[in-house]
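K.L.:
This is a predicted model, with the sequence first.
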Amino acid sequence: MDIREQLINACGADYVSFDEPMSKHTTFRVGGNADYYIRVSSLDQFVNGIRLLKDNDISITILGNGSNVLVSDKGIRGAVFELGKDFSDVSINRLEDNIEVKAEAGALLSNVGATLLKEGIKGFHWASGIPGSVGGAVYMNAGAYGGEIKDILKEATVLTKDLNVEVRDLDSLDLSYRHSALMSEEAYVLSATFVLEEGDSKEIKALTDELNKKRRDKQPLEYPSAGSTFKRPEGYFAGKLIEDSGLKGFRVGGASVSSKHCGFVVNDQNATAADIYNLTEEVIKIVKDKFGVTLEREIRLIGEF
């Protein structure tokens, strides 16, 4: 039995595909094919699939909403596990002093925010507009508009590289700006528990609507992108450095620095992954030459560049 048949047996024919175009699964809408693509539907299925691939020395990539990644035009050699809509349950536990909200890794932050708005639970509104999933948000300590995941996170359940399920408290996750201990541990987020409070749905909606308007007004949501392309350098703002370097609208192939917000690289003319990568390389070089500041990509590069 070849590896394809084994993978179908381990994960289910409805959840496995081969030579899958990654352009269908990333918000940049670019990327070549992945050899194997598995949609995660349960913990057992996830563990069985990973164990099989590890036993066959096949590399593994974990993907959520595909919103903070750039996949090479050459694709991904090995397997991609998508923690998405089939692994996205949200549960709410109202306690005496607060509310604990547990969300599986594949739950979109926007969907979690919509659920909490209906329930009148406050403290999550700033995250509702981030175009990512819970797993990715914990993995990189996502943040926006003054909030960060570490501000509301109690604990995360993770699958370790040895395929053990562990509950990790906030301290052991070592969350800081766009960083977590999971990045160096080869551990995968299965779910996260947030600590929030009762609120007023009208007030929460007003705050959410205000931030969504800011996003629409200031961010190039009309084009495929991966969100903020560069990390914020200490003491600076990436977008301002890029704009002050005269790079607003700067283009390589089908990719450009957004004229609306210079912190975003957008795919506005059928870009390739190489266009986007080469554009970021040029931006890093020009900003370094002009200001002596080395920008670092916030987006994660996957595959060969």
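P.N.:
Thanks, I have it.

K.L.:
Distance from the chain centre to stretch 119-127, please.
P.N.:
Chain-centre distance of stretch 119-127: 19 Å, with C-alpha atoms, centre = their mean, to the nearest Å.

K.L.:
Oh, that last question was meant for stretch 48-56, not what I typed.
P.N.:
The answer for stretch 48-56 is 24 Å, by C-alpha atoms, centre = their mean.

K.L.:
can you pull the pLDDT of Lys129?
P.N.:
Not Lys; residue 129 is Gly. On the pLDDT scale, Gly129 is placed at 89.

K.L.:
Tell me if Leu211 really is in a helix.
P.N.:
Yes. Under DSSP: H, G, I helix; E, B strand; the rest coil, Leu211 falls within a helix.

K.L.:
Neighbours of it, how many?
P.N.:
17 (other C-beta atoms under 10 Å). All C-beta spots, glycine's among them, are computed from the backbone N, C-alpha and C.

K.L.:
by contact count, what packs against the lengthiest strand in the chain?
P.N.:
When the chain is parsed with DSSP state E, its longest strand is strand 188-198. Packing partners of strand 188-198 (3 or more C-beta pairs under 8 Å, 6 or more residues apart in numbering; DSSP states H and E): strand 99-104, strand 121-122, helix 134-139, strand 153-159.

K.L.:
what comes up buried for that strand?
P.N.:
Applying a neighbour-count criterion of 16 or more other C-beta atoms under 10 Å, one finds 188-196 buried in strand 188-198.

K.L.:
Would you mind finding the most buried of the helices and strands packed on strand 188-198?
P.N.:
Highest mean neighbour count of those: helix 134-139, a mean of 29 (counted as mean count of other C-beta atoms under 10 Å).

K.L.:
Pull the residues that contact it.
P.N.:
62, 64-65, 67-68, 83, 103-109, 112, 127, 130, 142, 149, 153, 156, 173, 175, 180, 182-183, 188-192 (C-beta atoms under 8 Å, 6 or more residues apart in numbering).

K.L.:
and if you look at stretch 163-172?
P.N.:
43, 47, 50-51, 150, 153-160, 181, 187, 190.

K.L.:
again, but for stretch 122-130
P.N.:
With C-beta under 8 Å, 6+ apart, stretch 122-130 has contacts from 101, 109-110, 112-114, 116-117, 137, 142, 144-147, 149, 152, 194, 196-200, 203-204, 207-208, 211-212, 215, 227.

K.L.:
same check, this time on stretch 63-70
P.N.:
With C-beta under 8 Å, 6+ apart, stretch 63-70 has contacts from 22, 25-28, 30-31, 80-84, 105-106, 108, 131-136, 140, 226-227, 273, 276-277, 298-302.
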